[in-house]
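Novice: missing the sequence, but the structure's below:
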């Protein structure tokens, strides 16, 4: 998909929010993984982090700075890694950013190794 189309989709999601079918997708995706206790809280907050990614990536100046910035630690680092990877994958594969983000966020937090420390 073109970057222009992806930005349009992100802006539309930001404006309209998540519909019932996407909310159901998120619930199914979240429930399809098991999480270590220390990762359960951020995993439950997948919609919050998705909304944050949409806010940042739908704004040209914030998007450019966000995608240029280096690595970070903990939850912030995971958020940056997942958001940037999903942005690139949405451009390359044409899959919806929101679905990519929720899948990758939940999968990353379900790993038995600690990704937050």
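Specialist: Sure, I can see it. Please read all numbers here as calculations on a predicted model, not as lab measurements. Residues are numbered from 1 along each chain as shown.
Novice: So which bits of the lowest-mean-pLDDT helix or strand in the chain are buried?
Specialist: Ranking every helix and strand in the chain by mean pLDDT, DSSP states H and E puts helix 60-68 at the bottom, with a mean of 89. Using 16 or more other CB atoms under 10 Å as the test for burial, helix 60-68 gives 63, 66. To be clear about C-beta, it is placed using only N, CA and C from the backbone, and glycine gets the same treatment.
Novice: contacts for it?
Specialist: By CB atoms under 8 Å, 6 or more residues apart in numbering, the list of residues contacting helix 60-68 from outside reads 7, 55, 56, 57, 80, 83, 84, 87.
Novice: ok, which pair from the residues you listed is furthest apart?
Specialist: Pairwise distances among these were taken by CB to CB; the largest, 18.7 Å, belongs to 7 and 80.
Novice: So these two - more neighbours on which side?
Specialist: residue 80 (18 against 15; other CB atoms under 10 Å).
Novice: now the angle from the one helix or strand that one maps to to helix 60-68?
Specialist: For residue 80, the enclosing helix or strand under DSSP states H and E is helix 74-93. The directions of helix 74-93 and helix 60-68 differ by 100 degrees, with axes from the mean of the first three to the mean of the last three CA atoms, to 10 degrees as the criterion.
Novice: Need the contact partners of helix 74-93.
Specialist: Applying CB under 8 Å, 6+ apart, the external contacts of helix 74-93 come out as 1-3, 6, 42, 49, 52-53, 56-57, 66-67, 69, 71-72, 95-97, 100-101, 104-105, 108-109, 115-117.
Novice: Now do the helix or strand following it against helix 74-93, angle only.
Specialist: Downstream of helix 74-93, the next assigned helix or strand under DSSP H and E is helix 97-110. Orientation of helix 97-110 against helix 74-93 (the same axes, to 10 degrees) gives an angle of 140 degrees.
Novice: Weed out the non-buried ones from the contacts of helix 74-93.
Specialist: 6, 42, 49, 53, 56-57, 66, 96-97, 100-101, 104-105, 108-109, 115-116.
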